[in-house]
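S.K.: The sequence and its predicted three-dimensional model are supplied below.
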Amino acid sequence: MNTPMFKIGHGYDVHRLVGGRKLILCGVTIPYDKGLLGHSDADVATHALMDAMLGAAGLGDIGLHFPDTDPAFKDISSICLLKHVKKLVANAGYELSNADITIIAQAPKLRPHIAEMQATLAGVLGVDVSLINIKATTEEGLGFTGRGLGIATEAVCLLNKIS
Ligand code: MG
């Protein structure tokens with residue numbers, strides 16, 4: 001069987017912004033008057049990254065591994081789930097080469113938190129921080145992110161075969 005040296009993956013996720021929840025992105029709690037609604041901590045950025053990694057490894061998606069009907073995952077830290085995804089990917093013979101994550105949010109301003117988010121993900125994944133790039137953008141007031149109804153994230157990653 002052909003075992004590729006590299007495998008690429010893409011992830012996309014959206015969560016709704018509501019009152020009374022913490023806003024957690026890439027494992028970092030961001031000061032804001034709303035947070036993301038979800039079964040877990042609803043860390044939309046970490047979810048997109050996990051889906052990119054699972055997709056690259058040919059292992060499905062996070063819904064398959066961490067069903068939102070399972071009480072075990074209620075309010076769980078997505079960083080814990082990411083640690084598990086790293087193990088699944090390693091068991092498949094791959095490790096993260098690099099990842100690029102784009103968070104789409106009208107507010108709050110994320111730039112002051114990007115370095116901490118990159119360091120958090122790099123620490124969990126055991127890679128140099130230069131291999132985790134996080135960008136934040138708005139959609140100029142358009143659509144559901146522009147109206148502040150939710151936050152979306154797209155992520156791409158490359159995995160390389162463990163030698
Ligand atoms: Mg999600």
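M.R.: Cool, got the structure.
S.K.: From now on I want contacts and neighbour counts done on CA atoms only, so please keep to that.
M.R.: Fine.
S.K.: Show me where the chain has its strands.
M.R.: For the chain, applying DSSP state E gives strands covering 6-18, 23-25, 28-30, 35-36, 94-104, 132-137, 150-161.
S.K.: mind saving the C-alpha coords of the first one as CSV?
M.R.: If I follow you right, that is strand 6-18. Presented in CSV, the C-alpha positions along strand 6-18 are these (Å, rounded to 0.1, in the frame of the first residue of the first chain):
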residue,chain,number,x,y,z
PHE,A,6,2.5,14.0,3.7
LYS,A,7,-1.2,14.2,4.1
ILE,A,8,-3.3,17.4,4.0
GLY,A,9,-6.5,18.1,5.9
HIS,A,10,-9.1,20.8,6.3
GLY,A,11,-11.5,21.6,9.1
TYR,A,12,-14.4,24.0,9.4
ASP,A,13,-16.6,24.8,12.4
VAL,A,14,-19.2,27.3,13.7
HIS,A,15,-20.6,27.9,17.2
ARG,A,16,-23.3,30.4,18.3
LEU,A,17,-22.4,33.3,20.6
VAL,A,18,-24.6,33.5,23.7
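S.K.: Going by neighbour count, list what's buried in it.
M.R.: By neighbour count on 16 or more other C-alpha atoms under 10 Å, the buried set for strand 6-18 is 6-18.
S.K.: Let's have those in CSV, adding pLDDT and distance to Asp41.
M.R.: CSV is the format used below for the buried residues of strand 6-18 (pLDDT from 0 to 100; distance: C-alpha to C-alpha, whole Å):
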residue, pLDDT, distance to Asp41
Phe6, 98, 31
Lys7, 98, 28
Ile8, 98, 26
Gly9, 98, 23
His10, 98, 21
Gly11, 98, 18
Tyr12, 98, 17
Asp13, 98, 13
Val14, 98, 13
His15, 98, 10
Arg16, 98, 12
Leu17, 98, 12
Val18, 98, 13
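S.K.: For the spatially most central residue of the chain, give its distance to Glu154.
M.R.: Here the mean C-alpha position of the chain is nearest to the C-alpha of Thr46 (C-alpha atoms, centre = their mean), at a distance of 1.9 Å. When C-alpha to C-alpha, to the nearest Å is the yardstick, Thr46 and Glu154 sit 10 Å from each other.
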